[in-house]
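Q: 3D, please:
(2 chains)
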Amino acid sequence: MDSSEAIYDAFKDIGIDFVVSVPCVNLSKVLDMLDDDDEIIHIPVTREEEGIGICAGAYLGGKKPAILMQNSGLGNSINALKSLSELYEFPLLMIMSHRGTEGESICGQVPMGEATPRLLEAMDFNFFKPTNPAGAYEDIMESWDMSVEEGKPVSVLLEIKYW
Amino acid sequence: MARREAIEEIMKSIEDELVVCNIGFPSRELYDIMDRDENFYMIGSMGLASSIGFGLAIARPDKKVVVIDGDGSLLMNMGSLVTIFATNPSNLTWIVIDNGAYGSTGNQDTYAQMLDLADIAKSVGFKNSSDFDDIDLRKMIESDNASFIVYETESGNSTAPIIDITPIEIKERFMNAINE
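A: Numbering: from 1, shown residues only, chains lettered A, B, ... in the order given. Take a look at the predicted model:
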């Protein structure tokens, strides 16, 4: 099980059947795996906030939704996460490629990368930071149940060194 | 004619469709005009009515979904035009009530006054993009393509009361009605 398979396998074992995405280079392989899977609807979106709305609608229709994105997209979707997902208690699994962490080569990723865990804490949202594929699988499995129970999004942050 | 009368007119064509309604006075007016379990009222997250309706339409191809949106909200989420065009869910009808104003915040002007929203949707690629006055809404709901409809009205709000059910009640009764 490599770093991408851990995510895909956890999705399959949870029964995630609806995924929206804004790409990151580190998510490329998972996105390809989703596109090859007829049991999972994958909708690329123009902006993460839009994806939060789409996931809410999909949940209303009986789907188990997840979003794949860079952590930069957290900044693009904070209001929707609070005043849609949390307000109505929509479960949502958020898989974030956490850029701006150790090993980052692009300086523009650093400010948001440093702020991301603190933003999630300020939003009172739980998140996990697994360091290897086995840990990521376990954390993703737990995240969905936690999200349903709490009625709030739960995030899994995957730092550069994870990949 | 202002928004309230437009919503009344739209609801005359609704049978068992699922309706997702924009935040603020549009939802309050719909709740006052014709509350039903199959209405999803937005209480937060301006701009996302079309996204919620789109996700619902993709998740439930066996149901027809009608979104009642507004011009100011559309301007906040223009990317939704592209995603919905590209995916083209035939069971989605997206109506934008264009009153040229941010109605719920005091009727400040929107830039939509300078735009033809139906032309914009057409240029993105929507096969069905029309003014409400030129179409039969039932036919658009039954169409084989996603539909984008602009309903031009004057600005102004009615005296519709605040929605007195909670967001979680709105969600739960909606899900119970459609997933039974």
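Q: ok, B:L92 - contacts?
A: For B:L92, the contact set (Cβ atoms under 8 Å, 6 or more residues apart in numbering or on different chains) comprises B:53-54, B:57, B:64-65, B:67, B:84, B:146-147. Using the backbone N, CA and C atoms, a C-beta is placed for each residue, glycine as well.
Q: these: which ones sit near chain A?
A: Residues of these in contact with chain A (Cβ under 8 Å from any Cβ of the partner chain): B:53-54, B:57.
Q: and the gap between the nearest residue to A:A10 once chain neighbours are set aside and B:A6?
A: What sits nearest to A:A10 in space, not counting adjacent residues and going by Cβ to Cβ, 6 or more residues apart in numbering or on different chains, is A:I140, at 3.7 Å. Using Cβ to Cβ, to the nearest Å, A:I140 is found at 45 Å from B:A6.
Q: comparing these two, which residue is more hemmed in?
A: Neighbours per residue (other Cβ atoms under 10 Å in any protein chain shown) separate A:I140 from B:A6, with A:I140 holding more: 26 against 22.
Q: am I right that that one is in contact with A:Y8?
A: No: using Cβ atoms under 8 Å, A:I140 makes no contact with A:Y8, being 9.8 Å away.
Q: pLDDT score assigned to the residue nearest to B:G47 when sequence neighbours are not counted?
A: Once flanking residues are discounted, B:G47 sits nearest to B:M76: 3.4 Å by Cβ to Cβ, 6+ apart. Looking at B:M76, its pLDDT reads 98.
Q: B:D131 now?
A: Reported pLDDT at B:D131 in the predicted model: 98.
Q: and it, bridged to which residues?
A: B:V150 (DSSP bridges).
Q: thinking again about what came up before, how many neighbouring residues does the residue nearest to B:G47 have?
A: Residues lying near B:M76 (other Cβ under 10 Å) number 16.
Q: could you check how far it is from A:R47?
A: Distance, B:M76 to A:R47, by Cβ to Cβ: 11 Å.
Q: do B:G125 as well
A: Computed as Cβ to Cβ, the B:G125 to A:R47 distance reads 19 Å.
Q: the most centrally placed residue in chain B: what secondary structure?
A: Among the residues of chain B, the one closest to the centroid is B:I68, at 1.4 Å (Cα atoms, centre = their mean). With DSSP: H, G, I helix; E, B strand; the rest coil as the basis, B:I68 sits in strand.
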